[in-house]
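Novice: quick one, fold the following:
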Amino acid sequence: MSRVAELMIAVAGVVRGATDDTGRVFDDDAVRAELDRYDLSTLLKDSARAPFARICLLRAKPVRGADGRLAQDVSLAIIVVADREGAADPEFSSADIAALRLVDACTLALMLAPNVGLGRISDVDIGDGLVAVSEQSNDQGMAIAMLEAKWRLHDAYQPSPRKVWATALDPASSQPQTVVINGVEYPVGGQP
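Specialist: Sure thing, here's the model as predicted:
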């Protein structure tokens with residue numbers, strides 16, 4: 001399984017356990033990781049299941065760390081859907097407030113488990129939370145909010161030993177050409 005998929009599944013597990021002052025905010029089957037970007041029309045069609053959350057991939061970008069090792073910056077969207085509480089009120093959007101409450105619960109859950117139980121990963125960098133679709137803008141009495149969360153997956157790409165050996169022997173590479181063992185200098189790839 002890819003590390004990005006593992007991250008998405010781990011984030012879904014943390015979000016599934018999110019709580020607020022009333023207890024757990026999502027049922028076990030209400031949180032799901034989806035590799036494709038979210039589709040607002042699909043989320044609105046699933047309105048009977050609200051509240052629910054989707055973990056969606058926004059971006060995964062390979063990067064080279066300061067130590068030269070390859071990593072991957074991953075940005076996920078945690079999308080929550082809430083429905084209206086009570087009768088419609090033009091002065092007060094209860095679904096918007098409920099969606100923001102869900103975002104707050106997800107934020108707290110991620111802050112309490114910043115590496116979502118995975119190794120070789122940075123702590124979460126929480127982005128902005130916002131209401132994407134307001135209760136006032138649709139006739140279903142629903143609100144959709146989202147929260148961006150970012151991680152760096154360290155050692156995301158593990159080259160084969162043969163490639164590492166070939167790179168170390170390439171004079172054009174930035175790899176060292178010699179290694180010192182017990183005070184004796186040996187060429188990289190040679191035998192002591």
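
Novice: what secondary structure does the closest residue to Ala82 other than its chain neighbours sit in?
Specialist: Excluding the flanking residues, the one nearest Ala82 by C-beta to C-beta, 6 or more residues apart in numbering is Ala98, at 3.7 Å. Every residue, glycine included, has its C-beta placed from N, CA and C. For Ala98, the assignment made with DSSP: H, G, I helix; E, B strand; the rest coil gives helix.

Novice: mind checking how far the residue nearest the centre of the chain is from Val4?
Specialist: The chain has Leu76 as the residue nearest its centroid, 3.8 Å off, counting by C-alpha atoms, centre = their mean. Look at Leu76 and Val4: by C-beta to C-beta, to the nearest Å, they are 9 Å apart.

Novice: any common contacting residues for these two?
Specialist: Leu57 (C-beta atoms under 8 Å, 6 or more residues apart in numbering).

Novice: show me what contacts Phe26?
Specialist: Val15, Arg16, Ala18, Pro51, Phe52, Ala53, Leu102 are the contacts of Phe26 under C-beta under 8 Å, 6+ apart.

Novice: identify, from these, the entry nearest to Gly86.
Specialist: Pro51 (15.0 Å; C-beta to C-beta).

Novice: and the contacts of Phe26, which of them are in helices?
Specialist: Per DSSP state H, helices hold the following members of the contacts of Phe26: Val15, Arg16, Leu102.

Novice: give me the neighbour count for the first one.
Specialist: The reference is to Val15. Val15 is flanked by 28 other residues according to other C-beta atoms under 10 Å.

Novice: for the one 3 residues further on, same thing?
Specialist: Per other C-beta under 10 Å, the neighbour tally for Ala18 reads 23.

Novice: correct me, but it touches Ala30?
Specialist: No: with contact defined as C-beta atoms under 8 Å, Ala18 does not reach Ala30; the gap is 10.6 Å.

Novice: residues shared between the contacts of those two?
Specialist: By C-beta under 8 Å, 6+ apart, no residue touches both Ala18 and Ala30.

Novice: alpha carbons only: can I get stretch 83-93 in PDB?
Specialist: Taking Å, rounded to 0.1, in the frame of the first residue of the first chain, the C-alpha atoms of stretch 83-93 are listed here in PDB:
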ATOM      1  CA  ASP A  83     -27.500  19.300   8.100                       C
ATOM      2  CA  ARG A  84     -29.800  21.800   9.600                       C
ATOM      3  CA  GLU A  85     -30.800  21.400  13.200                       C
ATOM      4  CA  GLY A  86     -34.500  22.300  13.700                       C
ATOM      5  CA  ALA A  87     -36.600  24.500  11.400                       C
ATOM      6  CA  ALA A  88     -35.000  26.800   8.800                       C
ATOM      7  CA  ASP A  89     -34.200  30.300  10.100                       C
ATOM      8  CA  PRO A  90     -33.100  33.000   7.700                       C
ATOM      9  CA  GLU A  91     -31.200  34.800  10.500                       C
ATOM     10  CA  PHE A  92     -29.300  31.800  11.800                       C
ATOM     11  CA  SER A  93     -27.700  29.000   9.800                       C
END
